[in-house]
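Asker: The following comprises the amino acid sequence and a computationally predicted model.
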Amino acid sequence: MNLDAAFASKNDIAVSVHNQLMKCMSDYGYEISSTLITEFSPDDKVKWSMNEIYACKRLKEATVEKAEAEKIRLMKNAEGEAEGRYLSGLGTARQRKALAQSFQISLDDFEDELDISFEDVRNVLLLSQYMDILGSVGANAFNLDYNPSTISILQKQLSYISVKEKQEL
């Protein structure tokens, strides 16, 4: 039995000591009514060692709890950041939808007066988005190479995607 178990089972030890004493002392005419174990007193080195073990266990538990708290904090930060990006994307989508709707209203209002094709509207939207991107990049001090053919490349890619989507339908 180790020392921790001995501290935990004082009553069991008291019963065992009582039974042993009864056997030994009954030969001499004595009767033992009860035994009481009040305290264990191990060597100071053993006490120090037990205190160190207990302190290490508590430190280990504290480290685990601290790591768990850090994990939860990081997860909550990531969830908040993801939600922020999602909402930012929704805002951008709504902004672009409103822009497209305003172009549609303008086209409807000036349909008789102006001759504007769908491709022209798409090109204006593409140019507007490209300018928004340039503004965002410029605000963040990034360098972006500009080439006059960039818009035409984007237009070709958009046309390719549009044709591909129509083929899939």
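Answerer: Received the coordinates, thanks.
Asker: and the residue most central in space within the chain, helix, strand or coil?
Answerer: The residue lying closest to the centre of the chain (Cα atoms, centre = their mean) is M75, at 1.3 Å. Under DSSP: H, G, I helix; E, B strand; the rest coil, M75 falls in the helix class.
Asker: and the host helix or strand of K71, how far out from the chain's middle?
Answerer: Assigned by DSSP states H and E, K71 falls within helix 44-109. The gap between where helix 44-109 is centred and where its chain is centred comes out at 4 Å by Cα atoms, centre = their mean, to the nearest Å.
Asker: Summarise which helices and strands that helix is packed against.
Answerer: Helix 44-109 makes packing contacts with helix 3-8, helix 118-139 when contacts are defined by 3 or more Cβ pairs under 8 Å, 6 or more residues apart in numbering; DSSP states H and E. (Glycine included, C-beta is placed from N, CA and C.)
Asker: mind redoing it with 6 Å?
Answerer: Applying 3 or more Cβ pairs under 6 Å, 6 or more residues apart in numbering; DSSP states H and E, one finds that helix 44-109 contacts no other helix or strand.
Asker: what mean pLDDT would you report for it?
Answerer: The average pLDDT within helix 44-109 is 89.
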